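[1] 3D, please:
(2 chains)
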Amino acid sequence: MVMPNSRVRSKDPSAGEVGAEMRSQVRMAALRAQTRRHFLRTLGSGLGTLFVGTSLAQYAKPGKEPASAALDFRRDPSSPLSELPPQFAAKVRRVIYLHMAGAPSQLELFEHKPDLKRLDGQDCPASFLAGKRFAFISGIPKLLGSQYPFHQVGESGHWISDRLPHLERHLDDICFIKSMRTEQFNHAPAQLLVHTGNARLGYPSFGSWVLYGLGTENQNLPGFIVLLSGGKSPDGGKQLWSSGFLPSVYQGVQCRSHGEPVLYLDDPPGTSRSLRRDMLDAIDKINQQTYAAFGNPETITRIAQYEMAFRMQMDATDAMDIHKEPDSVRARYGSKPGESSFANNCLVARRLAERGVRFIQLYHWGWDSHGADAKEALNLGFADRCREVDQSTAALLSDLKERGMLEDTLVVWGGEFGRTPMRENRNGQEMKYVGRDHNPGAFTIWLAGGGVKPGITHGQTDEMGYEIVKDPVEIRDLHATMLYMLGFDHHKLNYSFQGLEQKLTSVKPARVVTEILA
Amino acid sequence: MRRLSSRILREFRFGLFLLLPILIVMALLVFLPPDGNERAEWMQFIGRFHPLAVHFPIALVLLVPILELVGGSARFSYLRLSTGFLLGLATFAATTAAILGWCLARSGGYSGPLVTRHLWGGILLTFFCWLCWALRTRRSHPVPIFGITLAMLVALVAWTGYRGGQLALGADHLTEHMPSGLRHVLGVQDGFTASSKVDASTFYGARVHPIFATRCVNCHGPDKRKANLRLDSYRGIMGGGKDGPVVQPGNALGSDLFRRITLPSNHDDFMPKGGKRALSSDEVKLIELWIGAGASETLAKDAIKDAPADSGATAVREVTFQEIDLAAVTRGRAAIAPAVAQLQKRFPNILDYESRGSADLRLNAAILGTRFSDNDLADFATVAEHITVADFSRTGITDRSASTIAAMKRLRVLRLMSTGITDATLLRLGVLDQLESLNLFGTPATAASLPAISRLPRLAHLYVGQTSIPPGSPVPDSLAGKLVF
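    Prediction:
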């Protein structure tokens, strides 16, 4: 809620007067904040409107069960992250989301398209281009077959290229969705859509919703931790792990992979832990008074975050310290302490998962293989990216599996959209390096772990890997499915904001993809 | 004689006037029967009011015997005075409904014996209604004939109403959802299996016919035949409808049937009509492949290679969310709620209900690490039988907790990862007959515990990484494939 922008003007007022003045101002502000939606909602509770509402609801949403009692997410204000049981018994307790920022090419990794290979170098048919928008392709591009050979692996018979030799040992644990679709073809909005369910700024990320719905097990660590690698932040920026309109205590906490996990987490030299405690107690007291006067939930967030930082001083440093792992484990991940590498982050992710962190979000940047330079070339930079993630992703899956954690952890791997079966021809010219443009029409992600049917592929694209021919899955369908695995009906994980019961999957109908449920 | 006939004429003047429309509808039905074609908009528009109007005479007619019977007692005798008026009103309403019904049948694309029977039933009942009214208004007439006519009228209402229900909701609408127990007792056959006489070894019989049978025959079946098209048999499909053939063998895209099921669902020609769910992509694909392969009746079931796999059920499974009954939840938790609340206060964040609708508990001591000891665990004995998931990974518990753990009889998941638990405890876990997952990663467990563990009937996963059970070591048969190293 936005507070009126006026401060106490009188220099030396008695405390009571200030309180009264403040309260009347707050009441005035609350009255001004009454919008048409508030008015209509209040009106709606009248009996007649209730009747009309229920009878009209049948026409508005055919086949939907009637709206019913909302779930209660209220908590003790002093512990906003405390655990709440899920709506119904669920297999998944935590999520590790590996986001490949920049959109990795599905045609070089998981989508085996022999016909595209056969037509490599030929002009793209006009039907592929009609009515389509591209980021860079212009004129008539050439079709581009996969740059790497494919082979079949395991009992599931998944096709995979030779770029992920470690991961391919785990394909029988993995479920592919090859028919993901998005509405956005630029990185930042597409990433926002993947992570917040909305391409515009200001919406809570998936991790924030989960944290809001379930709280976190370990109160000495943030419940939603973000780790970056690849040398650059994702294009969507910090908005990708923002809590949007949810109280900001639910936002993702970005941690560094070396040194202090969070800057200035350690006490400066000469400050003892008891002195720090006294300091926090004093600040708390002031904050409590502020909250009593204004009732702004953000004040609670502030108190909770001071307290968490204090507790984190002990536990976070320990959780992030991969020196504590034996050499053999570090070797398995290919991790070298001190770097901000994806390998280190995977190892940290496992350590955080063991410590009961609810949502662990990894970003690895550098998959935007347009072919504009060597780093972006499918035959050069792309191969490096594969090397960077392959071994550590596989090690993470094996670690989780042998520790029995894959039973209740959901691992998701994917980008924000797919790439075209046409070779990028920036300005209509053939480019020096080989690359592909953005394709929002079809991309591949995979899931593994609790709640997921292992070793299957859901959905299918055409012979060129360009458009979906079977079982399209929208981002909101994926979100609804993940929430289902976590124990929620996506209609019911609500937060009241701007007069609406907001939800992750927004207003369009989303479907739980039952075909991939274990 | 003259006086009598003039009296009859006087009394029946209005009655005869009402008989005329009944005769007209009867004539219409004889000379212009419903033939499965759709006609003028106006007629269809008016006809659609038939289902609305038809319930009025039904209610009126059924009221008459009630009033007559109750009016038999002296106290309610005044009720009988109104039956004549009621019957007159019913005759008028039934006539109107019959006219509307003919409009609907003639213009709405209906044909077949079902609709014909319903129509004749309607007209007959209108006529009987008129007869009853005529008899009732002639007070001098003996009562028995009136009683018999009225009984027949009520029977006609039931019979015609049932036919109408069959038209609107399907031939087996009364028995379709009859519980199988009751079905067995009453000897009612399952309508679907009784009517499907197709060869299940053919592609048509096994894959295509079931789609039509579940999705199309309600309107295009033996009874309703909309657009004069029947999809309940191979002959019917190939015979086509009022606009000619609907299937061109070998040419799916040129077939009207395929065109209609693949149109956008808001298109006028889209099938199935009336807001019914569209055919699934697999169903459309099967029909396309079948027509493409020549729409044969005899083609073998697995002759078409690319056909989507037969999942057993044609419909895709959808998730349904159960409402949480808060009162029931409170009742279920009543026995343990105080103990749980107390434990939650002492050990924040490690004990909670498995879900908002459940009275089962999940204990996650792992986050406390070695701070969680045998003594702490002993405090959970009061709720032991409600714990279904217990995670003691990296805690300080030892074999001293063996009996506490063994008392958690409903455990599904037990994690003892990196604890000091040894075979001594494991040998006592044979009582956990609900256990599905047991995690011994990094414990001092040895192969000696395996025979005891192998007796757990529901165990699916046994995690033995970093124990002294090496990969590839011999395991009891019932554990084969369940060990994760």
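
[2] Quick one: low-confidence residue ranges for the stretch 251-400 of chain A.
    A:258 (pLDDT under 70).

[3] what's the neighbour count on whichever residue of it sits closest to chain B?
    Of all residues in the stretch 251-400 of chain A, the one sitting closest to chain B is A:G356 (4.5 Å; Cβ to the nearest Cβ). C-betas here are computed from N, CA, C, even on glycine. When counting by other Cβ atoms under 10 Å in any protein chain shown, one arrives at 23 neighbours for A:G356.

[4] what's near enough to touch it?
    A:G356 makes contacts with A:94, A:216-218, A:221, B:364, B:366-367, as judged by Cβ atoms under 8 Å, 6 or more residues apart in numbering or on different chains.

[5] Recalculate using a threshold of 6 Å.
    A:217-218, B:367 (Cβ atoms under 6 Å, 6 or more residues apart in numbering or on different chains).

[6] and those, which of them are in helices?
    If you go by DSSP state H, the contacts of A:G356 have nothing in helices.

[7] Rebuild these as a markdown table, extending it with distance to A:I283.
    What follows is the contacts of A:G356, written out as a markdown table (distance: Cβ to Cβ, whole Å):
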| residue | distance to A:I283 |
| --- | --- |
| A:E217 | 27 |
| A:N218 | 24 |
| B:I367 | 27 |
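
[8] picking that back up, and the gap between the closest residue in space to the residue of the stretch 251-400 of chain A closest to chain B that isn't next to it in sequence and A:S242?
    Excluding its sequence neighbours, the residue lying closest to A:G356 (Cβ to Cβ, 6 or more residues apart in numbering or on different chains) is A:E217, at 3.3 Å. Computed as Cβ to Cβ, to the nearest Å, the A:E217 to A:S242 distance reads 23 Å.

[9] can you check B:L63 too?
    67 Å.

[10] what does B:G369 give?
    From B:G369 to A:S242 the distance is 32 Å (Cβ to Cβ).

[11] Of those two, which one has the most company?
    Set B:G369 next to A:S242 and count neighbours by other Cβ under 10 Å: A:S242 wins out with 24 against 14.

[12] list the contacts for that one?
    For A:S242, the contact set (Cβ under 6 Å, 6+ apart) comprises A:Q251.

[13] okay, it: pLDDT?
    pLDDT, A:S242: 95.

[14] could you measure it against A:H195, distance?
    When A:S242 is compared with A:H195 (using Cβ to Cβ), they lie 9 Å apart.

[15] repeat for B:A252
    Counting by Cβ to Cβ - B:A252 and A:H195 are separated by 42 Å.

[16] The two - which one has more neighbours?
    The neighbour count for B:A252 versus A:H195, taken as other Cβ under 10 Å, is higher for A:H195 (28 against 21).

[17] And the pLDDT at that one?
    Looking at A:H195, its pLDDT reads 97.

[18] what helix or strand does it sit in?
    Assigned by DSSP states H and E, A:H195 falls within helix A:187-196.

[19] who in chain B is up against chain A?
    B:317, B:319, B:321, B:323, B:349, B:352-356, B:358, B:364, B:367, B:439, B:441, B:463, B:465, B:484 (Cβ under 6 Å from any Cβ of the partner chain).

[20] what sits up against stretch A:408-422?
    Taking Cβ under 6 Å, 6+ apart as the rule, stretch A:408-422 contacts A:92-98, A:100, A:103-106, A:116, A:124, A:141, A:143, A:182, A:190-191, A:194, A:353, A:400, A:436-440, A:442-443, A:445-450, A:464-466, A:485.

[21] measure B:K345 to A:A349 for me?
    Counting by Cβ to Cβ, the gap from B:K345 to A:A349 is 32 Å.

[22] Ignore what I typed, I meant A:R330.
    Between A:R330 and A:A349 the computed distance is 14 Å (Cβ to Cβ).

[23] more crowded one of the two?
    Counting neighbours by other Cβ under 10 Å for A:R330 and for A:A349 shows that A:A349 has the greater number, 26 against 18.

[24] Contacts only, for the residue positioned nearest the centre of chain B.
    Per Cα atoms, centre = their mean, the C-alpha nearest to the average position across chain B is that of B:H177, at 7.0 Å. Contact partners of B:H177, counting by Cβ under 6 Å, 6+ apart, are absent.
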